[in-house]
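**Q** Task: produce atomic coordinates for the following.
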Amino acid sequence: MSADMPTVGARAAWVLRGVVAGFGAAAAVLALTLGYLMRAGLVVTVETGALSARLAAEVQAAVRRELPPALEAVRAEVPARVSAEARRRLSELRVELGGMTFDLPEAAEAQVEQAVDQAVRAGVDALTGMVDVDGLAERIAGRAAAVAQARVAKVLEGQRLEVQVAPGVEVPVRIRAR
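**A** Sure thing, here's the model as predicted:
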């Protein structure tokens, strides 16, 4: 061995010192970064346009899914309610002739009930058939997106959260809406 060459033990000591110094530097950088994050925090930007577009799509799908069954319920329920009310009013109807009061004949009452029932069914069918579900869904979804765009930004802007990244280590997060 040459006199200039360090021994294996001396080289190992230098390597160990280098490893310790490297870990120390990494730990110091990590501690400084974590300290800065704990004090200054992070800013999270929320894209309200994407959020409102997603909301509009969800609302549109819900209207398309929920409105046809609701219209069918109207088609079934309204004529029955109107017929029941018509029957109640017809049973109270009296005809007065020459000072005498007569009840409406049952045949006439049945014919009027049937005519009212048919007219109501035709009217309800016509009205519910005129509903453009797709167009209505698009209009409602567009309005929901506009409201979300305006309100979500106001609600989220400046909100502050504390996120716990480790036990005892919380990082403040501020929300910015765009």
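**Q** okay, CA-based contacts and neighbour counts for the rest of this
**A** Noted.
**Q** Check which helices and strands the helix or strand that contains A108 sits against.
**A** Following DSSP states H and E, one finds A108 within helix 106-129. Here helix 106-129 touches helix 48-92, going by 3 or more Cα pairs under 8 Å, 6 or more residues apart in numbering; DSSP states H and E.
**Q** Now the element after the helix it packs on, going C-ward?
**A** Past helix 48-92, the next helix or strand by DSSP H and E is strand 94-97.
**Q** what's the next helix or strand after that following strand packed up against?
**A** Using DSSP H and E, the helix or strand that follows strand 94-97 towards the C-terminus is strand 100-103. If you count contacts as 3+ Cα pairs under 8 Å, 6+ apart, strand 100-103 packs onto strand 94-97.
**Q** mind checking how far the strand it packs on is from the chain centre?
**A** Put simply, strand 94-97 sits 59 Å off its chain's centre (Cα atoms, centre = their mean, to the nearest Å).
**Q** so what strands line up beside it?
**A** Strand pairing for strand 94-97, using DSSP bridges, gives strand 100-103 (antiparallel).
**Q** Show me how far the partner strand is from its chain's centre.
**A** That offset, for strand 100-103, works out to 61 Å (Cα atoms, centre = their mean).
**Q** List of residues touching it?
**A** 93-96 (Cα atoms under 8 Å, 6 or more residues apart in numbering).
**Q** out of those residues, which are buried?
**A** Not one of the contacts of strand 100-103 meets the buried threshold, by 16 or more other Cα atoms under 10 Å.
**Q** What pLDDT is listed against R17?
**A** Note on R17: pLDDT of 87.
**Q** That one: which element?
**A** Judged by DSSP H and E, R17 forms part of helix 8-40.
**Q** helices or strands next to that helix in the packing?
**A** If contacts are counted by 3+ Cα pairs under 8 Å, 6+ apart, helix 8-40 sits against strand 169-177.
**Q** Lowest-scoring secondary structure element of the protein by mean pLDDT?
**A** Lowest by mean pLDDT, DSSP states H and E among the helices and strands of the chain is strand 94-97, with a mean of 76.
**Q** what's the offset of the helix holding A108 from the middle of its chain?
**A** Worked out by Cα atoms, centre = their mean, helix 106-129 lies 40 Å from the chain centre.
**Q** on that earlier part again, residues in contact with the least confident helix or strand of the chain: which ones?
**A** Contacts to strand 94-97, defined as Cα under 8 Å, 6+ apart, come from residues 101-104.
**Q** do the same with stretch 105-115
**A** Here stretch 105-115 makes contact (Cα under 8 Å, 6+ apart) with 83, 86-87, 90-91.
**Q** circling back: any buried residues in the helix holding R17, and which?
**A** 34, 37-38.
**Q** Pipe the residues you listed into TSV and attach distance to R143 and pLDDT per row.
**A** What follows is these, written out as TSV (distance: Cα to Cα, whole Å; pLDDT from 0 to 100):
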residue	distance to R143	pLDDT
L34	44	73
L37	39	70
M38	40	70
